[in-house]
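Novice: The following block contains a protein sequence and its predicted model.
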Amino acid sequence: MMQAVRNYCGVVVILVWGLAPFYWMVVTALRDKDHTFDTTPWPTHVTLDNFGDALATDKGNDFLGAIGNSLLVGAVTTFLAVLVGVFTAYAIARLDFRAKGIVTGIVLAASMFPGIALVTPLFQLFGDLGWIGTYRALIIPNISFALPLTIYTLVSFFRQLPWELEEAARVDGATRGQAFRLVLLPLAAPALFTTAILAFIATWNEFMLAKQLSSNATEPVTVAIARFSGPSAFEYPYAAIMAAGTLVTIPLVIMVLVFQRRIVAGLTAGGVKA
């Protein structure tokens with residue numbers, strides 16, 4: 001009994017710790033900007049004007065355009081990361097080849113490398129190529145960050161799949177590629193779905209490199225929110241920023257809630273039911 005109480009208390013603490021900032025962001029977004037710093041823990045002086053300010057373009061902000069940029073960069077990054085990651089993960093999990101351990105170590109090293117150390121060399125490289133402010137400068141680094149996550153998630157899944165499934169397809173005359181495409185890939189659908197969602201969310205939330213490598217025309221929502229301008233140089237639009245953050249966050253929350261069963265299935269899949 002006491003163990004169950006401690007477990008529930010721990011869950012409540014984690015929920016409050018994780019959701020309190022989001023709750024306060026929504027409360028501030030719904031509050032009149034003249035009462036932005038009101039400390040009342042529930043919505044007061046409720047208004048939707050802040051959302052209109054976040055979507056307005058008369059002050060040089062283009063929030064809807066930034067959402068489109070984030071969707072484009074996130075979709076392309078996710079597609080390429082999953083496409084490359086699924087073949088790489090299959091090779092690491094199912095094939096024997098030279099330097100297999102080195103390849104695995106390189107992938108692990110890439111996932112652990114600090115992103116801040118890449119800002120200067122990437123800015124220099126893309127500057128020499130004339131790519132600063134283009135979508136290529138945003139997509140390529142995000143792929144390098146999303147690939148390790150994709151590969152390691154799928155490697156653990158492919159390793160749990162029984163070899164007999166692939167061997168049975170090979171005995172029936174299928175090539176290795178056909179066995180992968182017709183047998184293993186359908187079984188890997190939950191894991192693919194999970195890695196796609198995680199890669200998209202990671203790309204959607206990326207700020208550091210996007211701040212340096214984007215322009216006003218290609219900036220994602222994270223950069224657009226950071227440079228929101230108010231009605232004057234002496235007034236910072238805290239309420240509009242909270243409204244923009246709410247508009248950006250709520251779709252991700254809804255997506256995770258809708259697909260939570262698929263996400264959990266992808267993270268725990270791999271076994272075959274008897």
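Specialist: Yep, it's here.
Novice: neighbouring contacts of stretch 51-68?
Specialist: 29, 33, 216-217, 219-221, 223-225, 228-231, 237, 239-241, 243-244, 246-248 (Cβ atoms under 8 Å, 6 or more residues apart in numbering). C-betas here are computed from N, CA, C, even on glycine.
Novice: go again using 10 Å as the cut-off
Specialist: 29-30, 33, 69, 204, 214, 216-225, 227-232, 237, 239-248, 251 (Cβ atoms under 10 Å, 6 or more residues apart in numbering).
Novice: can you dump the C-alpha coordinates of it into CSV?
Specialist: These are the backbone C-alpha positions of stretch 51-68, laid out as CSV (Å, rounded to 0.1, in the frame of the first residue of the first chain):
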residue,chain,number,x,y,z
PHE,A,51,-3.1,35.4,-30.2
GLY,A,52,-4.1,38.1,-32.7
ASP,A,53,-0.9,39.9,-31.9
ALA,A,54,1.1,36.7,-32.4
LEU,A,55,-0.4,36.2,-35.8
ALA,A,56,-0.2,39.8,-36.9
THR,A,57,2.4,40.9,-39.5
ASP,A,58,2.2,44.7,-39.0
LYS,A,59,5.2,44.7,-36.6
GLY,A,60,7.5,42.7,-38.9
ASN,A,61,6.6,39.3,-37.5
ASP,A,62,5.6,36.4,-39.8
PHE,A,63,4.5,33.7,-37.5
LEU,A,64,2.4,31.7,-40.0
GLY,A,65,5.3,31.8,-42.4
ALA,A,66,7.6,30.5,-39.7
ILE,A,67,5.2,27.6,-39.0
GLY,A,68,5.3,26.7,-42.6
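Novice: What are the buried residues along it?
Specialist: Neighbour counts using 16 or more other Cβ atoms under 10 Å place 51, 53, 54, 55, 61, 62, 63, 65, 66, 67 of stretch 51-68 among the buried residues.
Novice: for stretch 38-53, same thing?
Specialist: 47, 50, 51, 53.
Novice: how far away is the nearest residue to the first one once chain neighbours are set aside from residue 45?
Specialist: When you say that, I think you mean residue 47. The shortest distance from residue 47 to any non-neighbouring residue, by Cβ to Cβ, 6 or more residues apart in numbering, is to residue 32 (4.9 Å). From residue 32 across to residue 45, the span is 4 Å (Cβ to Cβ, to the nearest Å).
Novice: okay, and the common contacts of the two?
Specialist: residue 38.
Novice: List the residues that contact the closest residue to residue 249 other than its chain neighbours.
Specialist: Residue nearest to residue 249 in three dimensions, not counting chain neighbours: residue 22, with 6.4 Å by Cβ to Cβ, 6+ apart. Applying Cβ under 10 Å, 6+ apart, we find residue 22 in contact with 245, 246, 249, 250, 253.
Novice: From the buried residues of stretch 51-68, pick the one nearest residue 5.
Specialist: Checking the buried residues of stretch 51-68 against residue 5 with Cβ to Cβ, the nearest one is residue 51 at 41.0 Å.
Novice: Please enumerate the helices of the stretch 101-250 of the chain.
Specialist: 119-129, 135-160, 163-171, 176-179, 185-187, 189-205, 208-213, 221-226, 238-258 (DSSP state H, counting those that start in this stretch).
Novice: Turn these into TSV, columns for mean pLDDT.
Specialist: Conversion of the helices of the stretch 101-250 of the chain to TSV gives the following (pLDDT from 0 to 100):
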stretch	mean pLDDT
helix 119-129	92
helix 135-160	89
helix 163-171	83
helix 176-179	84
helix 185-187	84
helix 189-205	88
helix 208-213	92
helix 221-226	91
helix 238-258	85
